[in-house]
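> Pasting a predicted model and its sequence here:
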Amino acid sequence: MRTHYCGQVTESLTGQIVHVCGWVHRRRDHGGVIFIDLRDREGLLQIVFDPDAAEVFAQAERLRSEYVVRISGKVRPRPAGTENANLPTGRIEVLGQQIELLNKAETPPFQLDDDSVGEETRLKYRYVDLRRPLMQQNLRLRHDVIRRIRNYMDAQGFIDVETPILTRATPEGARDYLVPSRTHPGRFFALPQSPQLFKQLLMVGGLDRYYQIARCFRDEDLRADRQPEFTQLDVETSFLTMEQIMAMIEGLVRELFLEVLKVDLGTLPHMSYADAMGRFGSDKPDLRNPLELVEIKDLVADSEFKVFAAPAQDPKCRVTALRVPGGSKISRSEIDAYTALVGQFGARGLAWIKINDKAKGRDGLQSPIVKNLSDAALNGILERTGAQDGDLIFFGADKFKVVCDGLGALRIKLGADLGFTAPGWAALWVVDWPMFEKDDKEDRWVALHHPFTAPKVFDAQAVENDPGGVLSQGYDLVLNGIEIGGGSVRIHRADIQQSVFRLLGISDEEAQEKFGFLLEALRFGAPPHGGIALGLDRLVMLMTGASSIREVIAFPKTQTAHDPLTNAPGTVDTR
């Protein structure tokens with residue numbers, strides 16, 4: 001039907017007849033001459049209709065926005081002074097000689113260049129929304145990323161293997177989506193939260209290097225970087241160390257950024273989990289933001305200010321300071337807003353001190369809490385944080401998680417509000433994760449990654465004797481404060497796997513019922529193995545500069561896991 005895409009008609013075709021197809025992006029009538037901007041996935045092309053060609057001119061007059069047409073005409077230079085340097089086709093136009101109307105269109109629900117359209121409307125009419133150049137660019141970049149991933153994995157000797165979508169429910173951290181079985185009444189399949197167990201079985205099966213662009217499903221509360229169904233690059237290898245796996249995946253990510261965005265991420269630093277939580281209050285720190293938390297428990301442990309002293313004397317708590325350079329200009333109403341922010345994470349307040357004149361000691365400090373702290377404590381806080389005149393210090397004093405979550409979020413918010421967070425890219429590996437953390441509410445251990453992550457020391461007795469002190473061979477890949485990948489070396493011995501299950505409150509009977517096939521496989525010569533999963537939606541979201549993964553998925557759900565386009569989930573006939 002066509003000889004060229006609209007966006008590919010350039011000066012090299014001057015004088016030639018072209019046949020193009022697409023949507024009417026815009027129609028303009030200028031002094032008896034009609035201009036049509038025709039659009040397809042490759043861009044826009046200006047087509048001119050002269051009234052001297054009465055029949056085709058009359059057809060052009062009847063064209064409306066989003067009509068689908070095929071147009072034939074001669075390529076010619078645009079008149080001097082009318083060129084559009086912003087378009088690849090901006091130096092030429094096509095003199096329309098023939099129009100074939102392929103389909104009419106009703107008035108679209110929104111203009112494609114209207115950025116104020118609500119997301120619910122955009123998703124309801126997603127087929128119109130997808131025509132927007134930005135959406136097309138996002139999906140094409142996604143395609144480019146996946147194409148390059150496949151090339152890289154193939155060059156590294158990996159085999160693409162599909163794993164089941166209908167499987168059995170296993171406790172992996174989120175709720176499963178369940179599918180009733182018609183042939184086995186009362187029994188259910190589960191949609192996979194990840195291909196975790198199957199990719200381990202592939203290693204037992206001797207495939208050595210597996211990868212998959214895998215669809216995964218989790219019934220969990222949604223946000224900007226979560227969807228009930230999502231896509232990940234799933235990788236598993238045998239006979240590679242943790243360092244070798246990380247180096248291989250780092251090579252992939254660096255190549256993607258270099259080839260797709262022309263950005264060199266450089267060698268990625270490694271940071272321990274303890275360091276990340278201590279300095280940034282987060283296991284996925286954004287290193288573009290220079291603000292850091294400073295521990296001050298020792299400075300206030302003997303204070304008469306019980307708000308600080310009580311948590312300072314509790315090993316399950318922390319007391320930290322967050323220095324904000326130039327923060328004394330922050331108003332009281334803004335401080336109240338920041339207090340409300342940390343309150344969302346369980347903090348009971350947000351103490352602060354403004355440094356007006358450091359040389360005057362406590363007289364140069366402004367805060368309701370200054371009178372409750374000794375000179376030694378105040379001087380120690382100022383020295384340790386490096387505070388200067390004009391700065392402000394925020395404090396967190398509570399349970400470890402409350403302080404990390406609250407001040408970690410405050411740090412991110414301040415970085416954005418005050419311009420501390422630099423543009424560009426900052427990636428790192430977070431390593432040396434604890435194997436387990438204690439759930440105080442239920443008084444039980446839970447796995448920080450998942451129950452198949454290997455300890456640094458393969459000793460079942462050591463794992464059971466000191467679960468709180470065991471480090472894992474887990475690793476997370478973080479980019480600009482967002483986790484884009486997580487993996488680990490796996491447990492390849494049945495005795496250690498059973499010890500981990502017992503620590504997590506999974507009895508031998510329950511482990512056999514839910515994971516018996518894995519435990520059995522581990523007894524048949526399972527090799528040392530490990531892998532990683534990269535969140536493709538999150539990665540592409542960051543690479544496109546989008547604010548949500550819904551902007552890089554063709555047909556996403558809303559934050560309530562509803563699809564406005566098909567109105568799913570829907571009812572099903574009783575039969």
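Sure, I can see it.

> Do a quick rundown of the strands in the stretch 351-500 of the chain.
Under the criterion DSSP state E, counting those that start in this stretch, strands of the stretch 351-500 of the chain are mapped to 351-355, 365-366, 392-399, 427-431, 436-439, 444-447, 474-479, 482-489.

> Tell me which of the ones you listed lies nearest to residue 212.
Closest to residue 212 of these is strand 482-489 (C-beta to C-beta; 13.9 Å). In this view, the C-beta of every residue, glycine as well, is placed from N, C-alpha and C.

> In its sheet, which strands sit next to that closest one, and in what direction?
strand 474-479 (antiparallel), strand 529-535 (antiparallel) (DSSP bridges).

> And the next helix or strand past the longest one?
The helix or strand immediately downstream of strand 529-535 is helix 536-544, counting by DSSP states H and E.

> ok, residues contacting that following helix?
137-138, 141-142, 145-146, 213, 225, 227, 230-233, 253, 256-257, 260-261, 479-480, 482-484, 546-549, 551-553 (C-beta atoms under 8 Å, 6 or more residues apart in numbering).

> if we can go back for a sec, same list, the strands of the stretch 351-500 of the chain, but as TSV with mean pLDDT, mean neighbour count and distance to residue 32 please.
Formatted as TSV, these follow (pLDDT from 0 to 100; neighbours: other C-beta atoms under 10 Å; distance: least, C-beta to C-beta, whole Å):
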stretch	mean pLDDT	mean neighbour count	distance to residue 32
strand 351-355	97	22	69
strand 365-366	96	18	72
strand 392-399	97	24	66
strand 427-431	98	20	58
strand 436-439	86	16	75
strand 444-447	86	16	74
strand 474-479	98	24	55
strand 482-489	97	22	55
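
> Same list (those strands) but as JSON lines, adding distance to residue 12.
Shown next, in JSON lines, are the strands of the stretch 351-500 of the chain (distance: least, C-beta to C-beta, whole Å):
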{"stretch": "strand 351-355", "distance to residue 12": "65"}
{"stretch": "strand 365-366", "distance to residue 12": "69"}
{"stretch": "strand 392-399", "distance to residue 12": "61"}
{"stretch": "strand 427-431", "distance to residue 12": "41"}
{"stretch": "strand 436-439", "distance to residue 12": "63"}
{"stretch": "strand 444-447", "distance to residue 12": "60"}
{"stretch": "strand 474-479", "distance to residue 12": "40"}
{"stretch": "strand 482-489", "distance to residue 12": "41"}
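
> right, so of the ones you listed, which gets closest to residue 453?
For the strands of the stretch 351-500 of the chain, the distance to residue 453 is smallest for strand 482-489, at 4.1 Å, taking C-beta to C-beta.

> Give me the buried entries from the contacts of helix 536-544.
In the contacts of helix 536-544, burial by neighbour count holds for 138, 141-142, 145, 225, 227, 230-233, 253, 256-257, 479-480, 482-484, 546, 548-549, 551-553, counting by 16 or more other C-beta atoms under 10 Å.

> what about the chain, any weak spots by pLDDT?
Scanning the chain for pLDDT under 70 picks out the ranges 171-173.

> in the stretch 201-350 of the chain, which spans are helices?
Under the criterion DSSP state H, counting those that start in this stretch, the stretch 201-350 of the chain carries helices at the ranges 242-256, 273-280, 297-300, 306-312, 332-343.

> Adding distance to residue 395, write the ones you listed out as CSV.
Formatted as CSV, these follow (distance: least, C-beta to C-beta, whole Å):
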stretch, distance to residue 395
helix 242-256, 36
helix 273-280, 15
helix 297-300, 9
helix 306-312, 7
helix 332-343, 10
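
> for the chain, what's the longest strand?
Using DSSP state E to define each element, the chain has its longest strand at strand 17-30.

> Which strands or helices does it pack on?
Judged by 3 or more C-beta pairs under 8 Å, 6 or more residues apart in numbering; DSSP states H and E, the packing partners of strand 17-30 are strand 33-40, strand 43-49, strand 68-77, strand 92-103.

> closest to residue 363 out of the ones you listed?
Using C-beta to C-beta, the helices and strands packed on strand 17-30 put strand 43-49 closest to residue 363, at 66.1 Å.

> Can you tell me what sits against the helix or strand just after the closest one?
Counting by DSSP H and E, the next helix or strand C-terminal to strand 43-49 is helix 54-61. Applying C-beta under 8 Å, 6+ apart, the contact partners of helix 54-61 are 27, 29, 34, 36, 49, 50, 51, 96, 97, 98, 99, 101.

> got the CA positions of helix 54-61 in PDB?
What follows is helix 54-61, C-alpha atoms only, in PDB (Å, rounded to 0.1, in the frame of the first residue of the first chain):
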ATOM      1  CA  ALA A  54     -10.300  20.200  -7.700                       C
ATOM      2  CA  GLU A  55     -11.300  16.600  -7.100                       C
ATOM      3  CA  VAL A  56      -8.500  15.600  -4.700                       C
ATOM      4  CA  PHE A  57      -8.700  19.100  -3.100                       C
ATOM      5  CA  ALA A  58     -12.400  18.400  -2.300                       C
ATOM      6  CA  GLN A  59     -11.400  15.100  -0.800                       C
ATOM      7  CA  ALA A  60      -8.800  16.800   1.400                       C
ATOM      8  CA  GLU A  61     -11.400  19.200   2.700                       C
END
